[in-house]
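[1] With the input below, show me the fold.
(2 chains, ligands or ions: 2)
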There are 2 protein chains.
Amino acid sequence: MLKVGIIGVGTVGASVANILRDNKDIIKARAGVEIEPVLGVVSNLSKDRDVTIKLTDNADEVLNDESIDIVVELMGGIEKPYEIVKKALANGKAVVTANKALLAYHRYDLEKLAGDIPFEYEAAVAGGIPIINALRDGLSANNIKSIRGIMNGTCNYMLTKMINEGVDYDTILKESQELGYAEADPTFDVGGFDAAHKLLILGSIAYDVDAKPEDILIEGIQDISPEDIDFANEFNYTIKLLTIAKKIGKKVELRVHPAFISNDEMIAKVDGVMNGVSVIGDKVGETMYYGPGAGGDATASAVIANIIDIARRGKGAPMLGFEFDHSENLSIMPKDEIETKYYLRLRVEDKAGVLAKIATILGTKNISIEKMIQKPLNKTCAHIMLSTHTSVEKDIMDALNAIVDAGVVTADPVMIRIED
Amino acid sequence: MLKVGIIGVGTVGASVANILRDNKDIIKARAGVEIEPVLGVVSNLSKDRDVTIKLTDNADEVLNDESIDIVVELMGGIEKPYEIVKKALANGKAVVTANKALLAYHRYDLEKLAGDIPFEYEAAVAGGIPIINALRDGLSANNIKSIRGIMNGTCNYMLTKMINEGVDYDTILKESQELGYAEADPTFDVGGFDAAHKLLILGSIAYDVDAKPEDILIEGIQDISPEDIDFANEFNYTIKLLTIAKKIGKKVELRVHPAFISNDEMIAKVDGVMNGVSVIGDKVGETMYYGPGAGGDATASAVIANIIDIARRGKGAPMLGFEFDHSENLSIMPKDEIETKYYLRLRVEDKAGVLAKIATILGTKNISIEKMIQKPLNKTCAHIMLSTHTSVEKDIMDALNAIVDAGVVTADPVMIRIED
Ligand SMILES: NC(=O)c1ccc[n+]([C@@H]2O[C@H](COP(=O)([O-])OP(=O)(O)OC[C@H]3O[C@@H](n4cnc5c(N)ncnc54)[C@H](OP(=O)(O)O)[C@@H]3O)[C@@H](O)[C@H]2O)c1
Ligand SMILES: NC(=O)c1ccc[n+]([C@@H]2O[C@H](COP(=O)([O-])OP(=O)(O)OC[C@H]3O[C@@H](n4cnc5c(N)ncnc54)[C@H](OP(=O)(O)O)[C@@H]3O)[C@@H](O)[C@H]2O)c1
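    Ligands and ions are numbered 1, 2, ... in the order given. Here you go, the predicted model:
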């Protein structure tokens, strides 16, 4: 059994504790060992919280507990968590953090201090997207030519609204604050600083360059106005707060700023609060990673992936993903039982009664029609094209056979499933 | 030093050998050990090849060489490579393969045979996209709700052309064959079998279910016709060859077939030969992975990631991606030296000579204009909006200062960088 202490049981910390409890079985099957959250640290013990983990307000109870293997730092800030993770490492404990600010300033000191002790931070960049994993492991054969990321959900939400709905900056900022997408003091997000912290981490993995926020170009989205959006639109661009890491000769560009990017690019399609990171490697070409950049559960997913990774140290991930037989014993769904929506195209004789016959057969088989179009094909034939509501594969097959048997179609029916 | 034998030095095998040579330094810095391709196996020794690796036509020379640590199987087929990788494992060698057909049939036997010996296969699913990595490591905290993939580049290329250009199936098949995107006998791709092999592998990692191609629903794209595309279009759908793995209660759906999916989904935007995989986890929500599903170098990128992963066994990936100092010693590009394209918006007095002044200043600073729009703002003012060709940041800053100093603008100039 692996014991975990969680320092900071707020949005992300509470999710980590709860997911370790709720997904205990699958996590054990994947990690090869039980993972138990034994103690959480908060600053205010009297706050109401939706967690079952035992709590303390004294971080030393985690740091000095010899039975705790992994310290998860989810309190935020820079210098205070820096002291805490240093102490955890000094006590030989593996560390997992989601703290990009800490890493933006201290990642190289921490790398040195950690030595052979695992120190992981998947959640610090682009939340639930396993981008550290992709860049550090999946693309490790490549010289990285560039990384372009949309890594601040607040900015992306605001820009998407400004572009799609013509809302102006001040209005959307207020709305975002009301929705909880932006902080009361939004500078850290809209000024590009949060994205810059993440960029510095990716820049290190790609290029091994040590830079701090003050060393790089950081501009926010505060000055984007409708005129600029119109111009962008007119020339097939969209506007994103872009983080860019790019190698040119022996120099590395690291910058964060609003940028026009072509609507044809995959990364231009990353809208709303979602994050996306496009990486170009010299061998693989472009790969892109998309998903939620924030949120308690999504971020906790990445934190726990790191914990499982640490549990697997020494042996690597199990070949097919499970270390133990997966307790659920799932079986394959028989084809007949598949349920989805269907598109049908029927070539019929263009005469009275045909549509009624088809509708009757579908009705008998519990298939209800969502949309339908009839189009004449020539003097005698027509196409009936329709989509159904969710139906059972067997019913569809039976209905199509019955339609054929009824002699109302003049060609084999076409069926394509609809997944939405 | 880690020694690698490559069985099959064709499209992918040759790329693996060449990338291990060309990217030797960065691979060593990332892996923490030198990785050397020492011997390749082909069937026809007299063929002309663009590789420097030593070659043999006798696989036993690799399998029985005690100095070889990792056997990379890239010959294709099923039973022959099955015998070869079994022998490699029996001889204690780690195995890396890109062979989805082999795994579609033998992954569970191989898992058992491998035991503690590393057996990796990132390239077998979606080529260069590190999707095994994402699913097995990055999303390991989640119960997987569904996986939807576009994992056959041939089909996706053909469908994209049919949809965007109204080409019919037979025409585009012929064109794809001429371009080398489709085989002379295209059944394996267009019939959905290649995608099914990949789906079965993902199905195992997500759900631990053992199924063979004959157990699941597989339909190809051969019957898609313009009428169906029109209907799809009319109702905001696109058509993709979709691989679906989905858990419903205690049953797992595994199926491959053409499907209508909403144009609003991220995965609907995966066009041409590219691959994309969308995964929904119960905690993280949707993440999506996009990139090249085939090609020698892209596939080799994934094969080598596995080799590096094996080299890192025991200690895990280095915290910031590099085990050794990265020899290149890159430095941060000073802000002034950034080169990109720029969008400028200038608020000017609407009178003669203003535009000339601005154009002169830009010209003096070596900034050439790509596009320009002038729009009246009110009786006395106008907006000049323009985009430049690639320019140097310092020149832009100098020009903007000069424009302000010349007194021709009535508000601070707006500048947004263009990344395309
Ligand atoms: N939220 C996200 O979506 C997200 C995404 C990616 C990364 N992150 C990172 O994850 C970290 C945590 O974020 P969060 O949103 O979960 O923050 P949060 O909701 O504010 O939670 C912080 C927690 O730390 C505790 N804490 C703070 N200072 C403490 C101290 N000095 N001693 C003891 N406990 C202390 C707080 O205690 P009380 O509960 O008693 O106040 C609270 O439980 C941050 O580094 C953030 O950048 C967050
Ligand atoms: N190509 C891709 O984009 C791609 C993408 C993902 C996965 N894959 C998988 O990667 C594997 C290799 O694909 P590929 O495209 O590189 O194939 P390929 O170009 O046909 O290369 C196969 C190689 O194996 C050698 N070979 C075949 N049978 C042999 C035998 N019995 N003994 C010794 N050598 C033998 C061939 O020798 P000769 O050169 O002498 O003929 C050739 O060098 C396949 O499993 C494929 O599914 C390929």
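
[2] any idea which element A:Lys47 lies in?
    Secondary-structure assignment from DSSP states H and E places A:Lys47 in no helical or strand segment.

[3] hang on, A:Phe119 packs against A:Ala88?
    No: in this structure A:Phe119 lies outside contact range of A:Ala88 using Cβ atoms under 8 Å: 9.4 Å. (Glycine included, C-beta is placed from N, CA and C.)

[4] Give me the common contacts of these two.
    A:Val95 (Cβ atoms under 8 Å, 6 or more residues apart in numbering or on different chains).

[5] In terms of packing, which of the two has more residues around it?
    Comparing A:Phe119 with A:Ala88 by neighbour count (other Cβ atoms under 10 Å in any protein chain shown), the higher total belongs to A:Ala88, at 29 against 23.

[6] Contacts for the host helix or strand of that one next, please.
    With elements taken from DSSP H and E, the one containing A:Ala88 is helix A:79-90. Helix A:79-90 is touched from outside by A:7, A:59, A:62-63, A:71, A:73, A:75, A:95, A:97, A:99, A:102, A:105-106, A:110, A:113-114, A:117, A:119, with contacts defined as Cβ under 8 Å, 6+ apart.

[7] Could you tell me which residues within that helix count as buried?
    Within helix A:79-90, the residues that qualify as buried are A:Pro81, A:Tyr82, A:Ile84, A:Val85, A:Lys86, A:Lys87, A:Ala88, A:Leu89, counting by 16 or more other Cβ atoms under 10 Å in any protein chain shown.

[8] which residues does the residue lying closest to A:Lys28 once chain neighbours are set aside contact?
    Take A:Lys28 and drop its neighbours on the chain: the residue closest to it by Cβ to Cβ, 6 or more residues apart in numbering or on different chains is A:Glu34, 5.0 Å away. The contact partners of A:Glu34, by Cβ under 8 Å, 6+ apart, come to A:Met1, A:Leu2, A:Lys24, A:Lys28.

[9] PyMOL command for the buried members of those residues?
    The PyMOL selection below is limited to those of these classed as buried (16+ other Cβ under 10 Å):
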select buried, chain A and resi 2+28
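
[10] Cross-check the contacts of A:Glu34 against ligand 1 and keep the overlap.
    With Cβ under 6 Å from any ligand atom as the criterion, the contacts of A:Glu34 include none near ligand 1.

[11] among the contacts of A:Glu34, which are in helices?
    The helices in this structure, assigned by DSSP state H, contain A:Lys24, A:Lys28 from the contacts of A:Glu34.

[12] returning to that earlier point: if you look at the helix holding A:Ala88, does any of it touch ligand 1?
    Yes: using Cβ under 6 Å from any ligand atom, helix A:79-90 comes into contact with ligand 1 via A:Lys80.

[13] what two of the buried residues of helix A:79-90 are the furthest from one another?
    When these are compared pair by pair using Cβ to Cβ, the two farthest from each other are A:Pro81 and A:Leu89, 12.3 Å apart.

[14] can you list the residues of the stretch 151-300 of chain A near ligand 1?
    Selection of the stretch 151-300 of chain A residues close to ligand 1 by Cβ under 6 Å from any ligand atom yields A:Ala294, A:Gly295, A:Thr299.

[15] and the first one, how many neighbours does it have?
    In this case it means A:Ala294. Neighbours of A:Ala294 (other Cβ under 10 Å): 22.

[16] in a helix, that's where it is, yeah?
    No: checked against DSSP: H, G, I helix; E, B strand; the rest coil, A:Ala294 lies outside a helix; its state is coil.

[17] List the contacts of it.
    Residues near A:Ala294 by Cβ under 8 Å, 6+ apart: A:Gly127, A:Gly153, A:Val273.

[18] Phi, psi for it please.
    For A:Ala294, the backbone dihedrals (degrees, to the nearest 10) come out as phi -160, psi -180.

[19] How much space separates it from ligand 2?
    With the distance defined as Cβ to the nearest ligand atom, to the nearest Å, A:Ala294 ends up 34 Å from ligand 2.

[20] same thing with the second one?
    Using Cβ to the nearest ligand atom, A:Gly295 is found at 34 Å from ligand 2.

[21] correct me, but that residue touches A:Gly128?
    Yes: taking contacts as Cβ under 8 Å, A:Gly295 lies within contact range of A:Gly128: 7.3 Å.

[22] Who has more neighbours out of those two?
    Per other Cβ under 10 Å, whichever of A:Gly295 and A:Gly128 has more neighbours is A:Gly128, with 31 against 19.

[23] Helix or strand for that one, just tell me which one.
    Per DSSP H and E: nothing holds A:Gly128, as it lies in no helix or strand.

[24] Kindly state the pLDDT recorded for it?
    Here, the pLDDT recorded for A:Gly128 equals 98.

[25] Repeat that for the one 5 residues further on.
    Reading off the per-residue confidence, A:Asn133 sits at a pLDDT of 98.

[26] what's the nearest residue to it if we skip its chain neighbours?
    Sequence neighbours aside, B:Gly138 is the residue nearest to A:Asn133 in space, at 4.5 Å (criterion: Cβ to Cβ, 6+ apart).

[27] Next, count neighbours for that neighbour.
    Count around B:Gly138 with other Cβ under 10 Å applied: 34.

[28] Need the nearest residue in space to A:Asp350, chain neighbours excluded.
    Looking at A:Asp350 with Cβ to Cβ, 6+ apart, the closest residue is A:Ala382, at 4.3 Å.

[29] Report the contact partners of that neighbour.
    For A:Ala382, the set of contacting residues under the criterion of Cβ under 8 Å, 6+ apart consists of A:Arg347, A:Val348, A:Glu349, A:Asp350, A:Gln374, A:Lys375, A:Pro376.

[30] Repeat the analysis, applying 6 Å as the threshold.
    Shown here is A:Ala382, whose contacts under the criterion Cβ atoms under 6 Å, 6 or more residues apart in numbering or on different chains are A:Val348, A:Asp350, A:Gln374, A:Pro376.

[31] swap in A:Ile221?
    Counting by Cβ under 6 Å, 6+ apart, A:Ile221 touches A:Cys155, A:Val190, A:Leu241, A:Pro258.
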